[in-house]
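Asker: need coordinates for the following:
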Amino acid sequence: MALALVAITLFAVDRTVTTYAAHQQATRIEQRLSIELRILTAELGGVPDSGIPAWARSAAAKSQARITVTDSNGEVLADDSSFNLTPADNQSTVSTPVLRLARPPLGLRLRAPLTGLDAATHELRTRILEVSLGSALLALTIAFLVSRSLSLRVSRLKRAAEDLVGNAPEGRLIDDSNDELGSLERSLTSVGAELRKLVDRLRFESARREAILAGMAEGVLAVDHELRVTFCNGAFLRAIGFRGRTFEGLTLLELVRDPGLHELLRQVLATGEPRELRFKLSAANARSFEVQATPVDMPAGRGAIAIFHDTTDLERLEQIRKDFVANVSHELRTPLAGIIGYAETLLDGALEDAKNKRQFVEIIRANAVRLGSIASDLLVLSELESGTDPPEPETISVGTVLDAAELTVEAETRARNVTIVREGAENLYVAGSRLRLEQALLNLLANAIKFNRPGGEVRISTEQRDDGHVAVIVSDTGVGIPSEDLPRIFERFYRVDKARSRQVGGTGLGLSIVKHVVERMNGTIQVESQLGKGSTFTLLLPAVEQPEPAPSSVTGSS
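Answerer: Here you go, the predicted model:
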């Protein structure tokens, strides 16, 4: 670009200078011919007609011009031939107008060629070209050096600008010149350092916010002014059962098909005021949420952010509490009513009834025992749920615990004519509380005996399984459990046959205690039952190795 500009400039200078020089040279020749013409005109006035040709030759040699003398009709009387002009000269000549003498009818004209003018112009053009080429070469050299210097400094400025959002290399040299580019580079470097600090702080804050939101148990959802999802954390996605790959760009209704939530956020965007809502997501296993939505300013306009508090477990616990209170009240009402009723009967005169008073007192005693059993079982459940058992588990022999439980129900088996059959390995060990495991097995055996048929059988099997668990299997030949009742038999106070359960002295808490004991020992319980064919309960507990026997101490006397 610079070379083209120099060439155009040189061409313009050449044309202007050569044209001006040619014009000046032609002007000087014209002035000389005009002077010669006046001088020769004065001489020609005194020359006779016969001497005009000789005079013309002499005058042409003196004036270095071609002289032509004509008459009034334009006829040439004399024309010097010593300056024969070629056709080219005729095209490049300077001539004077015909000058009429005072002596008519003679006329005089002078013509001179411009051959010398062309040579002078060519020489001038050559000089101009030489000077121009030298100047151009010097200018190009200077331009190259300046351009290279500017290019290097611009490259440094570019790197400094790129460092504004990147990591500047350690020890990078900074331009220490005092011109504008040096000041600009120093300013960019200073701004870049501050900008990197700001970006680092923003990245830290963003990472911390992401970590906080990701670790929150509450779901978080943010939408823009068009109700498009801009952010949501993992807790929210798990709560709604999201199965897609990305949520960005989805509308709220595409992500959560709940009109109540959509209307809540729409009102927040419209009014700019916080709102609260309780709703249940049917698509997410019927989980309940309490939503608090507030407006938030976004670059594109007003948005909204909603916090989802999962109240499913709280509502379930609240319902369990209500059911527990209702069940306890119901369970306590019956024996208390019996105690109060028979006590009032005795006070109203039945104490004098020798035939029935003993029976009334026995009924009062039975109801009191039932109240004591309920209170005892509730206390056991409370201890299991509160985790007040010894923190260090002991190694328990399953066979020994079964022996103790079987001994406890021996009288009941004889009374109901039920046979207990033991089979399987005996040297099996688990870790936990011996007292609690004995309570659990005792409750299973008691139920298997109470709800068995006369002459029935209770079979107890123990085995070591390949998965590292000890299995304790208690099966009976009793009435069995309907399939629709199986999912609820471990609930507190739940009875399959309420009338018979109360008749045999059940509190409705035994299986709930069994489940809690097994779970406290990191085990599981399974049940299979067929109506009229009996039930089978399987306890799976982690097995432990048999403990080493304690060394015996030997004392002697001398």
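Asker: what is the longest helix of this structure by residue count?
Answerer: Criterion DSSP state H: the longest helix present in the chain is helix 115-162.
Asker: quick check: Ala22 is in a helix.
Answerer: Yes. Under the criterion used here (DSSP: H, G, I helix; E, B strand; the rest coil), Ala22 sits inside a helix.
Asker: out of everything not next to it in sequence, what's closest to it?
Answerer: Using CB to CB, 6 or more residues apart in numbering and skipping residues adjacent in sequence, the residue nearest Ala22 is Thr121, 5.3 Å away. In short, each C-beta sits where N, CA and C put it, glycine included.
Asker: for Gly134, see how far away that neighbour is.
Answerer: Between Thr121 and Gly134 the computed distance is 21 Å (CB to CB, to the nearest Å).
Asker: of these two, who's got more company?
Answerer: Set side by side, Thr121 and Gly134 show more neighbours around Thr121, with 17 against 10, by other CB atoms under 10 Å.
Asker: show me what contacts that one?
Answerer: Residues near Thr121 by CB atoms under 8 Å, 6 or more residues apart in numbering: 18, 21-22, 25.
Asker: got the confidence number for it?
Answerer: The model reports Thr121 with a pLDDT of 72.
Asker: Asn178 too?
Answerer: 65.
Asker: before we move on, back to that, would you turn the contacts of Thr121 into a markdown table with pLDDT?
Answerer: Shown next, in a markdown table, are those (pLDDT from 0 to 100):
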| residue | pLDDT |
| --- | --- |
| Thr18 | 75 |
| Ala21 | 75 |
| Ala22 | 75 |
| Gln25 | 73 |
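Asker: for the residues you listed, which two are the farthest from each other?
Answerer: Across these, no pair lies farther apart than Thr18 and Gln25, at 10.4 Å, counting by CB to CB.
Asker: which strand of the chain spans the most residues?
Answerer: The strand spanning the most residues in the chain, taking DSSP state E as the definition, is strand 287-298.
Asker: the following helix or strand past that one - contacts with which helices or strands?
Answerer: Where DSSP states H and E defines the elements, the next helix or strand beyond strand 287-298 is strand 301-310. Packing partners of strand 301-310 (3 or more CB pairs under 8 Å, 6 or more residues apart in numbering; DSSP states H and E): strand 219-223, helix 234-240, helix 259-271, strand 287-298.
Asker: with respect to burial, which of these scores highest?
Answerer: strand 219-223 (a mean of 22; mean count of other CB atoms under 10 Å).
Asker: next, the angle from the strand or helix carrying Leu277 to helix 259-271.
Answerer: Using DSSP H and E, Leu277 maps to strand 275-281. Orientation check (axes from the mean of the first three to the mean of the last three CA atoms, to 10 degrees): strand 275-281 against helix 259-271 gives 160 degrees.
Asker: can I get stretch 27-38 in PDB, CA atoms only?
Answerer: C-alpha atoms of stretch 27-38 as PDB (Å, rounded to 0.1, in the frame of the first residue of the first chain):
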ATOM      1  CA  THR A  27       8.300  30.400 -23.500                       C
ATOM      2  CA  ARG A  28      12.000  31.300 -23.600                       C
ATOM      3  CA  ILE A  29      12.300  30.200 -27.300                       C
ATOM      4  CA  GLU A  30       9.200  32.300 -28.200                       C
ATOM      5  CA  GLN A  31      10.600  35.300 -26.500                       C
ATOM      6  CA  ARG A  32      14.000  34.900 -28.300                       C
ATOM      7  CA  LEU A  33      12.200  34.500 -31.700                       C
ATOM      8  CA  SER A  34      10.100  37.600 -31.000                       C
ATOM      9  CA  ILE A  35      13.300  39.600 -30.300                       C
ATOM     10  CA  GLU A  36      15.000  38.200 -33.400                       C
ATOM     11  CA  LEU A  37      11.900  38.900 -35.500                       C
ATOM     12  CA  ARG A  38      11.900  42.600 -34.600                       C
END
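Asker: mind checking pLDDT for the nearest residue to Ala368 once chain neighbours are set aside?
Answerer: The shortest distance from Ala368 to any non-neighbouring residue, by CB to CB, 6+ apart, is to Ile339 (6.3 Å). Ile339 carries a pLDDT score of 82 in this model.
Asker: go on, Thr538?
Answerer: pLDDT for Thr538: 92.
Asker: for it, give me phi and psi.
Answerer: Main-chain dihedrals, Thr538, degrees, to the nearest 10: phi -120, psi 120.
Asker: give me the number of residues near it?
Answerer: Residues within reach of Thr538, counting by other CB under 10 Å, total 15.
Asker: dump the contacts of Thr121 to TSV, plus distance to Asp71.
Answerer: Output for those, formatted as TSV (distance: CB to CB, whole Å):
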residue	distance to Asp71
Thr18	41
Ala21	39
Ala22	35
Gln25	33
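Asker: let me know the pLDDT of the closest residue to Glu290 other than its chain neighbours.
Answerer: Leaving aside its chain neighbours, Glu290 sits nearest to His309 (4.5 Å; criterion: CB to CB, 6+ apart). The model reports His309 with a pLDDT of 85.
Asker: wait, His309 touches Val220, no?
Answerer: No. Using CB atoms under 8 Å, His309 is not in contact with Val220, being 10.9 Å away.
Asker: and the helices and strands packed on strand 301-310, which one's lowest on average pLDDT?
Answerer: Minimum mean pLDDT among these: helix 234-240, a mean of 79.
Asker: how about the very next helix or strand once past that one: buried residues?
Answerer: As assigned by DSSP H and E, the chain's next helix or strand after helix 234-240 is helix 252-255. Residues of helix 252-255 classed as buried: 252, 255 (neighbour count, 16 or more other CB atoms under 10 Å).
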